[in-house]
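> show me the folded form of this:
(one chain, ligands or ions: 2)
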Amino acid sequence: MSTEFYNPEEAYSRSEIEALQLERLKATVSHCMNSGFYKARFDSIGLRPQDIRTLDDLNRIPFTTKQDLRDTYPFGIASVPLKDCTRLHSSSGTTGNPTVILHTKKDLEQWANAVARCLWMVGCRPEDVFQNTSGYGMFTGGLGFQYGAEKLGMLTVPAAAGNTLRQLKFFKDFRTTVVHAIPSYAARLYEVMCEQGIDPRRDLALRTLVIGAEPHSEDTRRRIEEMLGVKAYNSFGMSEMCGPGVAFECKEQNGLHIWEDYYIVEIVDPQTLEPVPDGEVGELVLTTINREAMPLLRYRTRDLTRILPGECACGRHHKRLDRMKGRSDDMIILKGVNIFPIQIEQILMQFQELATDYLITLQTLDDNDGMTVEVELSERFFNDDYAALQRLEKEITRQLRDEILITPKVRLVPFGSIPKAEGKAVRVKDLRKQY
Ligand code: ADP
Ligand code: ZN
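Ligands and ions are numbered 1, 2, ... in the order given. Purely as a prediction, here's the structure:
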């Protein structure tokens with residue numbers, strides 16, 4: 001087999017993938033009978049594990065939601081006794097009970113394998129030096145990438161989040177070649193490189209960047225690549241599905257292969273919950289088929305995306321997800337119009353005069369709701385010609401209005417002036433009056 005593949009399952013044909021999925025789905029559903037939560041659910045609709053005969057029978061299984069995780073907090077969905085679990089990860093719980101995901105030793109090994117497979121796919125090898133700028137602890141981007149990178153055999157630098165000057169020192173001193181960062185932090189790294197007079201192409205050995213955890217547009221990716229002189233690959237995951245390693249771009253950079261030997265993927269209409277045809281946008285629903293501690297069946301992720309039609313030139317037949325449009329709960333409803341922040345980002349990134357950081361503020365003025373979009377000017381764009389800046393603002397406003405059907409107020413602000421969040425970027429501030 002080609003050394004391009006880390007696991008034989010990567011080279012499976014569609015029929016091999018589906019045969020393995022059916023076998024694993026059956027085993028998972030039987031195993032779920034050990035969970036009080038699933039047993040009660042199945043009993044209430046008279047579903048028995050032997051009723052799952054084909055992959056189409058998946059739709060006989062009820063959906064699982066974040067609310068189910070909250071209602072059964074902390075250990076209520078577990079399918080194994082707690083003594084068999086070796087780690088838990090928990091979400092922040094800002095809007096109610098936090099959620100908990102349990103892992104057995106085997107779950108953690110499989111997760112590390114999935115992450116190693118992703119990193120290998122984009123060309124990481126044991127000779128590489130991998131620096132992780134994610135927070136460690138409960139945030140799965142820390143330990144998730146750590147164990148995956150170690151499994152692959154790279155020299156790992158668990159720098160963790162923040163302290164940008166120290167990150168840059170490590171890049172230089174350890175000759176870091178691969179970095180994992182959320183996109184907004186990748187932009188921040190570049191900002192501080194500029195301040196410090198560091199030219200990444202001249203002074204550093206960076207080659208590959210793994211970016212994920214937040215929605216970002218294709219243009220943002222290209223800009224980050226251009227700024228840092230790297231190839232940047234989109235990485236998708238969520239704590240409920242272990243963390244990173246769920247879906248990842250290959251070198252073709254044309255969508256994220258979702259590992260179908262680990263997950264069964266469905267895209268459903270979020271209102272009717274009926275499947276949408278391949279190629280149409282809907283809510284991503286995932287079923288874990290190789291987890292022991294806490295399998296999740298038909299989990300509604302709330303992420304909106306679509307399956308990309310066609311084959312990938314890399315030779316993998318695992319389906320590809322389009323970049324995420326956002327979560328259904330990220331949608332802004334302003335004056336009755338539905339807007340996703342990524343639509344605004346896509347327009348802004350068309351302008352070479354702009355940097356990648358922006359902030360959308362929703363406000364009520366004189367009983368009218370409105371939107372202000374602040375966006376940083378690029379560090380390369382110096383212009384003290386007031387009229388030119390005004391023309392630029394006007395053009396951005398016009399293009400945004402065409403896209404979102406609402407006229408925002410656009411404010412151009414200096415490079416580096418929008419406050420940076422500790423973790424994932426905060427792109428929207430809602431200060432509207434609640435009636
Ligand atoms: P939290 O729920 O606190 O954000 P997670 O780390 O579990 O914690 O976040 C997972 C979510 O992050 C996903 O459901 C998705 O909305 C978002 N996400 C993760 N990776 C990407 C990506 N590559 N592109 C867009 N959004 C992403
Ligand atoms: Zn591919």
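> mind listing what the closest residue to V230 other than its chain neighbours touches?
Leaving aside its chain neighbours, V230 sits nearest to L209 (4.5 Å; criterion: Cβ to Cβ, 6 or more residues apart in numbering). (C-beta placed from N, C-alpha, C; glycine too.) Contacts for L209 (Cβ atoms under 8 Å, 6 or more residues apart in numbering) come out as 178-181, 186, 224-225, 228, 230-233.
> from those, pick the one nearest T86.
Nearest to T86, judged by Cβ to Cβ, of those is H180 at 23.3 Å.
> got the residues of this structure near ligand 1?
Selection of the chain residues close to ligand 1 by Cβ under 6 Å from any ligand atom yields 91-92, 140, 212-215, 234-239, 301, 303, 324, 327.
> just the buried ones from those residues, in PyMOL syntax?
Buried subset of the residues of the chain next to ligand 1, written as a PyMOL selection, criterion 16 or more other Cβ atoms under 10 Å:
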select buried, resi 91+140+212+213+214+215+234+235+236+237+238+239+301+303+324+327
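> and K106, what helix or strand is that in?
Here K106, judged by DSSP states H and E, is contained in helix 105-121.
> check whether that helix comes near ligand 2.
No - using Cβ under 5 Å from the ion, helix 105-121 stays clear of ligand 2, coming no nearer than 7.8 Å.
> whichever residue of the stretch 1-150 of the chain sits closest to ligand 1: what's it in contact with?
Closest contact between the stretch 1-150 of the chain and ligand 1, by Cβ to the nearest ligand atom, is at S91 (4.9 Å). If you count contacts by Cβ under 8 Å, 6+ apart, S91 has them with 98-99, 138, 239.
> so where do the helices sit in the stretch 201-350 of the chain?
Ranges of helices within the stretch 201-350 of the chain are 218-228, 341-348, based on DSSP state H, counting those that start in this stretch.
> and these: which comes nearest ligand 2?
Of all the helices of the stretch 201-350 of the chain, helix 218-228 sits nearest to ligand 2, with 16.1 Å by Cβ to the ion.
> export that closest one as CSV, just CAs?
Taking C-alpha atoms only, helix 218-228 is exported to CSV below (Å, rounded to 0.1, in the frame of the first residue of the first chain):
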residue,chain,number,x,y,z
GLU,A,218,-11.4,30.0,1.9
ASP,A,219,-10.0,33.5,1.5
THR,A,220,-9.0,33.6,5.2
ARG,A,221,-7.1,30.3,4.7
ARG,A,222,-5.3,31.7,1.6
ARG,A,223,-4.3,34.8,3.5
ILE,A,224,-3.0,32.9,6.4
GLU,A,225,-1.0,30.7,4.0
GLU,A,226,0.3,33.8,2.4
MET,A,227,1.2,35.5,5.6
LEU,A,228,3.0,32.6,7.2
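> show me the strands in the stretch 1-150 of the chain, by range?
Taking DSSP state E, counting those that start in this stretch as the criterion, the stretch 1-150 of the chain contains strands spanning 85-90, 100-104, 129-132.
> oh, I was asking about the stretch 201-350 of the chain
Per DSSP E, counting those that start in this stretch, the stretch 201-350 of the chain carries strands over the ranges 208-212, 231-236, 247-249, 256-258, 263-268, 282-288, 299-305, 320-321, 326-327, 332-334, 337-339.
> list the neighbouring strands of the first one plus their orientation.
Note on strand 208-212: by DSSP bridges, its sheet partners are strand 178-181 (parallel), strand 231-236 (parallel).
> so which helix or strand of the protein has the lowest pLDDT on average?
strand 326-327 (a mean of 90; mean pLDDT, DSSP states H and E).
> that one: how far from the chain's middle?
In terms of Cα atoms, centre = their mean, to the nearest Å, the centre of strand 326-327 is set 10 Å apart from its chain centre.
> repeat for stretch 17-26
Relative to its parent chain, stretch 17-26 has a centroid offset of 25 Å by Cα atoms, centre = their mean.
> give the buried residues for that stretch.
17, 20-22, 24-26.
> avg pLDDT for it?
The predicted model assigns stretch 17-26 a mean pLDDT of 98.
> how about the strands of the stretch 201-350 of the chain in JSON lines, adding distance to P62?
What follows is those, written out as JSON lines (distance: least, Cβ to Cβ, whole Å):
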{"stretch": "strand 208-212", "distance to P62": "29"}
{"stretch": "strand 231-236", "distance to P62": "25"}
{"stretch": "strand 247-249", "distance to P62": "24"}
{"stretch": "strand 256-258", "distance to P62": "22"}
{"stretch": "strand 263-268", "distance to P62": "13"}
{"stretch": "strand 282-288", "distance to P62": "11"}
{"stretch": "strand 299-305", "distance to P62": "11"}
{"stretch": "strand 320-321", "distance to P62": "23"}
{"stretch": "strand 326-327", "distance to P62": "21"}
{"stretch": "strand 332-334", "distance to P62": "28"}
{"stretch": "strand 337-339", "distance to P62": "28"}
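> shaky segments in this structure?
For the chain, applying pLDDT under 70 flags the ranges 1-3, 92-95, 435.
> let's see that with 80 instead.
For the chain, residues meeting the criterion pLDDT under 80 lie at 1-3, 92-97, 381-384, 422, 434-435.
> strands paired with the least confident helix or strand of the chain, and their directions?
The strands beside strand 326-327 in its sheet (DSSP bridges) come out as strand 299-305 (antiparallel).
> pull the partner strand out as CSV, backbone CA atoms only.
This file holds the C-alpha atoms of strand 299-305, laid out as CSV (Å, rounded to 0.1, in the frame of the first residue of the first chain):
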residue,chain,number,x,y,z
TYR,A,299,-26.0,13.1,17.3
ARG,A,300,-27.2,16.4,16.1
THR,A,301,-24.1,18.6,15.9
ARG,A,302,-26.0,21.8,14.9
ASP,A,303,-23.1,22.4,12.4
LEU,A,304,-24.3,23.3,9.0
THR,A,305,-22.5,21.9,6.0
